[in-house]
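Enquirer: Quick one: sequence plus predicted model below, questions after.
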Amino acid sequence: MLLSAGTSLVTADELALHLEPALEAITPDGMLAHIKVLASDEFEGRAPGTKGEELSVKYITDQFKQIGLKPGNPDGTYTQEVPLAGIRSEPAMSFITGDKTIDLKYPDDFVASSARLQSEIKIDNSNVVFVGYGVVAPEYGWDDYKNVDVHGKTLLMLIGDPPIPDPKDSSKLDEKMSDLIIHQTESAGYPYSVVRTSWGKENYEIDSPNKNMDAVGARSWIALDAAKKLLADCGQDYDALKKSAITKEFRPVTLKAKANIDIKQQLRSFKSHNVIGKLEGSDPKLRDEYVIYTAHWDHLGRHSELRGDQISNGAIDNASGVASVIELAAAFTKLNPPPKRSLLFMATTAEEAGLLGAKFYALHPLYPLEKTLADINIDTVNPWGKTRDIEDLSNNNSTLDDLLAAAAKGNGREMKPNSQPEKGGFYRADHFEFSKRGVPSLYTGGGTNFIGKPPQFGQQKKDDYTAHHYHQVSDEVDPNWDLSGAVQDIQLLFEVGYQVANGDKFPEWRPESEFKAKRESILRKDRTEN
């Protein structure tokens, strides 16, 4: 079989021989060495704006330099400053139903914060409206608001997407609203304890010139039991409302309740950093086009209120992803010649606070997004051994999924579709910020069909990690890990990036993708200007 690589046609065997030194440079030992450093107690959980950030940025920068990457910022540095505000919140929440006041207990019943950078947020006597999943998706004839005026009201909504085929969540909330999300472990994909851990500390927002005053006033999660009790006190049944919310005919339900939310906030401003290295392309005509690999370096830091272990080391989430990006960068430097287009390797800040580092880059790109072919994002890897499959979490949104499927097949493996799209995983990682700006993106999860293991082994491992280690202090380096499966997956992502960097055309969104119009718009503008 003949494959296109560069300007000539080569056989699969010739291409494999060319890539072999690079693929062999990605090793379990190499990945583990990086994870051990980044997830060490010395790095204190890698919270933005702390000693952990200083150490993380220095380590990643030093690795990029040693590999031979050029500074990724055109200003000659390896970092992009990201203005952030640290926010420590003291929230209170209550509901009035008839002559009864329901005081929720923080953080057992709820967590709440605001993106607005002001010392206090007060919402008084706000009408409460249940809006199902809060979805507006015209391309599917779906609108959970039905032109109901929700200005100034508090919205109560379910987490995730309606459990229907291929839901697309493009919800846009009025800036004067507050919204409460009912946490359901099954739909969220993780227990409420994760919400408590993630929100019960200093949170972060981009420190924008307008201090984010255009953001929703308050956002909150409330525990399922607390939500059920509130609905019951309003004369509503949770199960009946949830059932009604999975149909296009659903209409918002105004509850017999008033919400009172008071959030006192302590604020600090600081500069955080994305870390970026660049491998310049070999083709003078194409080196000003780019493929980006991303992974977030940050995690949840230190929790001084805990007894015993206080450090959220974030070994899998996401020291493993950063280790993967470093290994990928080293692998690409083994190619002679390098790919035709340039490659960027970026470790982002503040993903755990809402994809903030990726969002800032997408809004203030160092290289034009119309010249950026793809973002390949890595957020956690499979640490339990080799698999026959790899899960595509990108919801088959673009032709990048075709490249992944072909690479998997060429290696005797199978690409499987997102097994739980209703949990909205595609919308919860850094690549989503690139997608919103039109850049095709790829995001994968580890497979579940483990070689030499019982059929349920893989899913059991995933479920155990989610229930007991995800966003917990126990996400640490485990001597029982087998990173050979992670290497398998990263090698596939290497092949995809290589094909894109040498391909004859840009990856494209599927015709039905909600991101396609944005991509076409920026490409059309680029053609007009040039």
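Expert: That came through, no problem.
Enquirer: going forward, measure contacts between C-alpha atoms and count neighbours the same way
Expert: Noted.
Enquirer: which residue ranges form the helices in the stretch 251-400 of the chain?
Expert: Ranges of helices within the stretch 251-400 of the chain are 320-332, 356-363, 400-410, based on DSSP state H, counting those that start in this stretch.
Enquirer: and among those, the most buried is which?
Expert: Mean neighbours per residue, mean count of other C-alpha atoms under 10 Å, is largest over the helices of the stretch 251-400 of the chain for helix 320-332, with a mean of 27.
Enquirer: What segments of the stretch 201-350 of the chain are strands?
Expert: 202-206, 219-223, 253-279, 290-296, 301-302, 311-312, 342-348 (DSSP state E, counting those that start in this stretch).
Enquirer: Glu514 is nearest to which of the ones you listed?
Expert: Smallest distance to Glu514 across these (C-alpha to C-alpha): 21.2 Å, for strand 290-296.
Enquirer: The helix or strand encompassing Ala33 relative to helix 320-332, how many degrees between them?
Expert: Secondary structure assignment for Ala33, by DSSP states H and E: helix 28-38. Relative orientation of helix 28-38 versus helix 320-332 (axes from the mean of the first three to the mean of the last three C-alpha atoms, to 10 degrees): 130 degrees.
Enquirer: Could you give me the buried positions within helix 28-38?
Expert: Pro28, Gly30, Met31, Leu32, His34, Ile35, Lys36, Val37, Leu38 (16 or more other C-alpha atoms under 10 Å).
Enquirer: Contacts made by it with the rest, please.
Expert: 43, 46, 56, 315, 319-320, 323-324, 327, 477, 482-484, 486-487 (C-alpha atoms under 8 Å, 6 or more residues apart in numbering).
Enquirer: Just the CA atoms of it, as CSV, please.
Expert: C-alpha atoms of helix 28-38 as CSV (Å, rounded to 0.1, in the frame of the first residue of the first chain):
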residue,chain,number,x,y,z
PRO,A,28,7.2,3.7,30.0
ASP,A,29,10.3,4.6,32.0
GLY,A,30,10.5,8.0,30.4
MET,A,31,6.9,8.8,31.2
LEU,A,32,7.2,7.5,34.7
ALA,A,33,10.2,9.6,35.4
HIS,A,34,8.4,12.8,34.5
ILE,A,35,5.3,11.8,36.4
LYS,A,36,7.3,11.1,39.5
VAL,A,37,8.7,14.6,39.5
LEU,A,38,5.6,16.5,38.7
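Enquirer: can you give me the mean pLDDT across that helix?
Expert: Throughout helix 28-38, pLDDT has a mean value of 98.
Enquirer: ok now that helix, how far from the chain's centre?
Expert: On the basis of C-alpha atoms, centre = their mean, to the nearest Å, helix 28-38 sits 22 Å off its chain's mean C-alpha point.
Enquirer: which secondary structure elements does the helix or strand following it contact?
Expert: Per DSSP H and E, helix 28-38 leads on to helix 51-67 as the next helix or strand towards the C-terminus. On a contact count with 3 or more C-alpha pairs under 8 Å, 6 or more residues apart in numbering; DSSP states H and E, helix 51-67 meets strand 253-279, helix 320-332.
Enquirer: which parts of helix 51-67 are buried?
Expert: By 16+ other C-alpha under 10 Å, the buried positions in helix 51-67 come out as Gly52, Glu53, Glu54, Leu55, Ser56, Val57, Ile60, Thr61, Gln63, Phe64, Ile67.
Enquirer: got the residues you listed as TSV, with pLDDT and distance to Asp13 columns?
Expert: Below are these laid out as TSV (pLDDT from 0 to 100; distance: C-alpha to C-alpha, whole Å):
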residue	pLDDT	distance to Asp13
Gly52	98	45
Glu53	98	44
Glu54	98	44
Leu55	98	42
Ser56	98	39
Val57	98	39
Ile60	98	34
Thr61	98	35
Gln63	98	32
Phe64	98	31
Ile67	97	27
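Enquirer: List just the nearest of those residues to Thr372.
Expert: Relative to Thr372, the closest of those is Phe64; by C-alpha to C-alpha it sits at 20.6 Å.
Enquirer: Now do the contacts for the closest one.
Expert: Contact partners of Phe64, counting by C-alpha under 8 Å, 6+ apart, are Lys70, Gly277, Ile326, Ala329.
Enquirer: Return the residues in contact with Asp489.
Expert: Ile390, Gly446.
Enquirer: Give me the angle between whatever helix or strand it lives in and strand 342-348.
Expert: Take DSSP H and E as the rule and Asp489 turns out to sit in helix 484-502. With the same axes, to 10 degrees as the basis, helix 484-502 and strand 342-348 are set at 130 degrees to each other.
Enquirer: Show the subsequent helix or strand relative to helix 484-502.
Expert: Following helix 484-502 toward the C-terminus (DSSP H and E): helix 516-529.
Enquirer: Pull the residues that contact stretch 490-504.
Expert: By C-alpha under 8 Å, 6+ apart, the list of residues contacting stretch 490-504 from outside reads 4-6, 23, 26, 290-291, 324, 328, 339-343, 373-374, 376, 400, 403-404, 407-408, 506-507.
Enquirer: What residues of it count as buried?
Expert: By neighbour count on 16+ other C-alpha under 10 Å, the buried set for stretch 490-504 is 490-503.
Enquirer: beta partners for the closest residue to Gly45 other than its chain neighbours?
Expert: Closest residue in space to Gly45, ignoring its immediate chain neighbours: Gly301 at 3.7 Å, by C-alpha to C-alpha, 6 or more residues apart in numbering. On the basis of DSSP bridges, Gly301 is bridged to Ser312.
Enquirer: Gly301 and Ser312 touch, don't they?
Expert: Yes. In this structure Gly301 lies within contact range of Ser312 using C-alpha atoms under 8 Å: 5.5 Å.
Enquirer: between the two, what contacts are shared?
Expert: Jointly contacting Gly301 and Ser312 under the rule C-alpha under 8 Å, 6+ apart are Glu44, Gly45.
Enquirer: Those two: which has the busier surroundings?
Expert: Taking other C-alpha atoms under 10 Å, Gly301 and Ser312 do not tie; Ser312 has more neighbours (29 against 26).
Enquirer: For the more buried one, give its distance to Asn260.
Expert: Counting by C-alpha to C-alpha, to the nearest Å, the gap from Ser312 to Asn260 is 33 Å.
Enquirer: try Ala429
Expert: 32 Å.
Enquirer: what's the answer for Pro162, then?
Expert: Separation of Pro162 from Asn260 (C-alpha to C-alpha): 28 Å.
Enquirer: higher neighbour count, the two?
Expert: Pro162 (26 against 18).
Enquirer: so how many other residues sit close to Pro511?
Expert: 11.
Enquirer: from what I can see Thr444 touches Ser394, true?
Expert: Yes. Counting by C-alpha under 8 Å, Ser394 is a contact partner of Thr444 at 6.9 Å.
Enquirer: Would you mind telling me which of those two has more residues around it?
Expert: Per other C-alpha under 10 Å, whichever of Thr444 and Ser394 has more neighbours is Thr444, with 27 against 23.
Enquirer: And that one, what's its pLDDT?
Expert: Thr444 carries a pLDDT value of 97.
Enquirer: which secondary structure element contains it?
Expert: Using DSSP H and E, Thr444 falls in strand 441-446.
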